[in-house]
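Chemist: task: produce atomic coordinates for the following.
(2 chains)
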Amino acid sequence: MNVIHVTGWNVGFDKIRMTKFLREEMSISLSESHEMVQNILDGKELVLSVIPERYQNAVDRLDIIGAKFYVE
Amino acid sequence: LANPAAANSAAIGVAEVAGGNALGGASLATSAAVGSYYVRLLETDRGAVSILATTPKGASMEIAADMAIEGKRMVLSNLHIGESTGKGSSSLKELREVARVFGRQEGVDEALIKGGVRTTGANPGKRPIDILINVGGKKK
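Modeler: Presented below is the predicted three-dimensional model:
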């Protein structure tokens, strides 16, 4: 598994697209993903474990969305 | 989970999810149109709502928020507007009209919008001021 730490957001961060990303990739509910986006906006870190097959796609999408992140 | 101590943590790719529309949501819940605004409540989930609105100019607007009904007032907090398509799709005027249409659908007299932290436009990092809208019109 690859680990991605979402540490914040850049100007232009697309909150709706981030909500979609979390739902689609993590199989979580609307309320859960909405809350996670709120947490990111509040400065809390989000840690994602990603299977290798989806890692590059996840990184690319986070980049487009405007998230600040780093990978372990 | 990668780090149990983290405030948020989750696994990507552990489970596949069927594609959905708008916020990845499920079925259409309700819809309403007033004038030439068309507002669809796509999904509700423990207070969170997903809304898709179409304006008279044909532009579309995706909205996510936490929704609560307090008496005859609807409160939409942590409201986020996604990337909109079309001209004039995310102006304050458009948002007010969408809230008015949605409020009528929900049968309330007022809609209070508490926007989420801005990440685009003016003042990124700041919350916009609250907006109180007199919905009026039809009841549910």
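Chemist: for chain A, what is the nearest residue in chain B?
Modeler: At 2.7 Å from chain A, B:Gly82 is the closest residue in chain B, using CB to the nearest CB. (Glycine included, C-beta is placed from N, CA and C.)
Chemist: strands of chain B, start to end?
Modeler: For chain B, the strands defined by DSSP state E cover B:8-12, B:30-34, B:37-45, B:48-54, B:60-70, B:73-81, B:110-115, B:131-134.
Chemist: which strand is the longest one in chain A?
Modeler: Longest strand in chain A by number of residues (criterion: DSSP E): strand A:2-9.
Chemist: tally of neighbours for the closest residue to A:Lys68 other than its chain neighbours?
Modeler: Spatially, and ignoring its direct neighbours in sequence, A:Lys68 is nearest to A:Gly8 (4.0 Å; CB to CB, 6 or more residues apart in numbering or on different chains). Neighbour count for A:Gly8, taken as other CB atoms under 10 Å in any protein chain shown: 14.
Chemist: quick revisit: list the buried residues in the longest strand of chain A.
Modeler: Applying a neighbour-count criterion of 16 or more other CB atoms under 10 Å in any protein chain shown, the buried positions in strand A:2-9 are A:Asn2, A:Ile4, A:His5, A:Val6, A:Trp9.
Chemist: ok, the residue of chain B closest to chain A touching B:Ser60?
Modeler: No. At 9.5 Å, B:Gly82 does not count as touching B:Ser60 under the criterion of CB atoms under 8 Å.
Chemist: circling back: got JSON lines for the strands of chain B, with mean pLDDT and mean neighbour count too?
Modeler: Putting those into JSON lines (pLDDT from 0 to 100; neighbours: other CB atoms under 10 Å in any protein chain shown) gives the following:
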{"stretch": "strand B:8-12", "mean pLDDT": "48", "mean neighbour count": "20"}
{"stretch": "strand B:30-34", "mean pLDDT": "59", "mean neighbour count": "15"}
{"stretch": "strand B:37-45", "mean pLDDT": "94", "mean neighbour count": "20"}
{"stretch": "strand B:48-54", "mean pLDDT": "95", "mean neighbour count": "24"}
{"stretch": "strand B:60-70", "mean pLDDT": "95", "mean neighbour count": "20"}
{"stretch": "strand B:73-81", "mean pLDDT": "96", "mean neighbour count": "20"}
{"stretch": "strand B:110-115", "mean pLDDT": "96", "mean neighbour count": "19"}
{"stretch": "strand B:131-134", "mean pLDDT": "96", "mean neighbour count": "14"}
